[in-house]
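Novice: Okay, predicted coordinates and the sequence, questions at the end:
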Amino acid sequence: MGGFVLKIAILLYEDMTALDAIGPYEVLSRLPDADVRFTAAQKGLVRTDTGFLGLNADHDISEVSEADLLLVPGGPGNAAVRQDGKILDWLRSLHEQTRFTTSVCTGSLILGAAGLLRGLRATTHWTRMDVLREFGAEPTGERVVEQGKIITAAGVSAGIDMALQLVQKISGDDFAQALQLGIEYDPQPPFDAGSPEKAPAHVVDLVRGAMA
């Protein structure tokens, strides 16, 4: 990449889902010359949605005024972030000059609240498609949706797929495949229940009820 530093900003906030940020981080941080900045409204520890894990924000939003790649994770705390004018202003400002603006799971609802998804196809967690539509987006059940420089990923684990797609765009097929092999990303789950179309109806109801 000729010495070019790829500035990556990952938003952290209370009650976010850890893997939404850390899954893509494990992929993107291995790009040549990557400079990853975990950023929150305030520096310090951010407690994730289970309450067990804390992630540290080394920067607050006033310290990160530009990024080549912006990543917004999801989680139950997205509802509060959608009401935070300072964070939304920060997202809009960064988006003006990003190469890629991305989200995982319900992080797309935050992008929607910032007005970045109006008229665009986008995805989110399957239980929140109706909320995505409220922001003027066209919801789709695809795992990763690319609309220009805005790329949205579906629920949680889809963030790893999205990150590998970004690596492919930035550093080419061979590097992306080598990175996938390096992290041994070869999912073989014990059940074919990873989408509401595949899971048994009673399991779908269990998840829908838990996330109501």
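Specialist: Perfect, I can see it now. Numbering: from 1, shown residues only.
Novice: any idea which element residue 7 lies in?
Specialist: strand 6-11 (DSSP states H and E).
Novice: what's the next secondary structure element after that strand?
Specialist: Counting by DSSP H and E, what follows strand 6-11 is helix 18-28.
Novice: before we move on, the earlier item: now the strand holding residue 7: how far from the chain's centre is it?
Specialist: Mean-position distance between strand 6-11 and its chain equals 11 Å (CA atoms, centre = their mean, to the nearest Å).
Novice: try stretch 148-168
Specialist: 7 Å.
Novice: Would you mind listing the buried residues in that stretch?
Specialist: 150-168 (16 or more other CB atoms under 10 Å). To be clear about C-beta, it is placed using only N, CA and C from the backbone, and glycine gets the same treatment.
Novice: Likewise for stretch 178-194?
Specialist: Neighbour counts over stretch 178-194 (16+ other CB under 10 Å) mark 179, 180 as buried.
Novice: now stretch 56-76
Specialist: Quick answer for stretch 56-76 (16+ other CB under 10 Å): 57, 61, 64, 67, 68, 69, 70, 71, 72, 73, 74, 75.
Novice: What of stretch 37-50?
Specialist: 38, 39, 40, 41, 43, 46, 47, 48, 49.
Novice: and the last one, what does it touch?
Specialist: For residue 49, the contacting residues are 15, 16, 17, 18, 75, 76, 77, by CB atoms under 8 Å, 6 or more residues apart in numbering.
Novice: Pretty sure the fifth one sits against residue 22.
Specialist: No. Taking CB atoms under 8 Å as the definition, residue 75 is not a contact partner of residue 22, at 11.9 Å.
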